[in-house]
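**Student:** Sequence unavailable; structure follows:
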C-alpha cells in the first residue's frame, strides 16, 4: 500500500507491477512539489486499511490469473530456491519445493496442487481482498500507457516520468510447462474472477480501466 500523500493510494498486489509503479510514484509532483508519500508495505487488504478515512481514490494493477501463476512460480524459484537454510516462506512454496535445496516440482504439479487446495482460485481469493479498497483497475500488460493517463487525469504534474523496465525477476529460462488439461483446470478455478474482469472491461468516468483480458 502506497500513500501518495494527497488522498490517493496504490494497493500493491504481489507480482502485479508494484516495483515499477512505486518507482514511478517516487518521481511524482503536484503543483511543482514533491509528494510526501509513505510506503506501508504489503497489507494485503488487511482490516487495518478499513479504518482509514483519508482514502479518496485508489488504484491497483492486475494481471491474468494464469500469467500470475507463471510469474510467481518462476520468481519464487529464482529468488528463494537453493539459498542456504531458506525454507518455504509462502504457503504456495510447498507446492514448488518441500525444503531448501530439495526437489523442485514441475509447473504442472504446482498448478494442480493450487487447484486442489484453492478450489475457488488462489488469485481470485487474493484479488478479492483488495477490491473493496480500489476505485480503478489497471491492466499490467498496458501499464506504461495507462499509468501515465491515470496519474495525469488525477492531477499530477506532466510529463509523468516512467522508470526503465525493471530487470526481469522471473527468468523465462526456468522451465514452466503444463498440459492443456492442467491449464483448463486452473482457468476453471479462476473462472469467477476472469468473468468479473471481462465484465469491467470498460472505461468509467474517463478513468482507465482494464483494456485487454486476453492471455
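**Tutor:** Now that the structure is in, tell me what you want to look at. Only a predicted model underlies this, so the values are computations on that prediction, with no experimental measurement involved.
**Student:** Please work out the average pLDDT along stretch 9-16.
**Tutor:** Mean pLDDT, stretch 9-16: 90.
**Student:** residues making contact with that stretch?
**Tutor:** Stretch 9-16 is contacted from outside by 1-4, 18, 21-22, 25, 42, 45, 55, 57-63, 68, 71-72, 75, 126-127, 130, 133-134, 140, using Cβ atoms under 8 Å, 6 or more residues apart in numbering. C-betas here are computed from N, CA, C, even on glycine.
**Student:** In helices, which of those appear?
**Tutor:** Counting by DSSP state H, the contacts of stretch 9-16 place 18, 21, 22, 25, 68, 71, 72, 75, 126, 127, 130 in helices.
**Student:** which of these are buried?
**Tutor:** 18, 21, 25, 68, 71, 72, 75, 126, 127, 130 (16 or more other Cβ atoms under 10 Å).
**Student:** and the two most separated of these?
**Tutor:** 25 and 72 (23.3 Å; Cβ to Cβ).
**Student:** And the buried ones among the ones in helices among the contacts of stretch 9-16, which is closest to residue 172?
**Tutor:** Using Cβ to Cβ, those come closest to residue 172 at residue 71, 10.3 Å.
**Student:** Would you quantify the distance from that closest one to residue 156?
**Tutor:** Look at residue 71 and residue 156: by Cβ to Cβ, to the nearest Å, they are 28 Å apart.
**Student:** hmm, back to that, tell me the least confident of the buried ones among the ones in helices among the contacts of stretch 9-16?
**Tutor:** Looking at those, model confidence by pLDDT dips furthest at residue 130: 80.
**Student:** Check the burial of residue 181 by counting its neighbours.
**Tutor:** Residue 181 sits with 9 neighbouring residues when counted by other Cβ atoms under 10 Å.
**Student:** how close does it get to residue 115?
**Tutor:** Residue 181 is 11 Å from residue 115, by Cβ to Cβ.
**Student:** ok, now residue 193?
**Tutor:** Distance from residue 193 to residue 115, by Cβ to Cβ: 14 Å.
**Student:** Over to residue 185?
**Tutor:** 5 Å.
**Student:** Next: residue 194.
**Tutor:** Counting by Cβ to Cβ, the gap from residue 194 to residue 115 is 14 Å.
**Student:** Next: residue 139.
**Tutor:** 24 Å.
**Student:** Tell me which of the two has more neighbours.
**Tutor:** With other Cβ under 10 Å as the criterion, residue 139 and residue 115 differ in neighbour count, and residue 139 comes out ahead with 22 against 19.
**Student:** can you pull out the helices in this structure?
**Tutor:** Using DSSP H, helices in the chain cover 18-25, 47-50, 65-80, 107-117, 122-130, 143-153, 180-189, 191-199.
**Student:** give me the number of residues near the nearest residue to residue 78 once chain neighbours are set aside?
**Tutor:** With sequence-adjacent residues excluded and distances taken as Cβ to Cβ, 6 or more residues apart in numbering, residue 78 is closest to residue 171, at 5.7 Å. By other Cβ under 10 Å, 12 other residues sit near residue 171.
**Student:** Could you measure from residue 171 over to residue 71?
**Tutor:** Taken as Cβ to Cβ, the span from residue 171 to residue 71 is 11 Å.
**Student:** ok, now residue 30?
**Tutor:** 32 Å.
**Student:** just residue 193 next, same as before
**Tutor:** Using Cβ to Cβ, one obtains 16 Å as the distance from residue 193 to residue 71.
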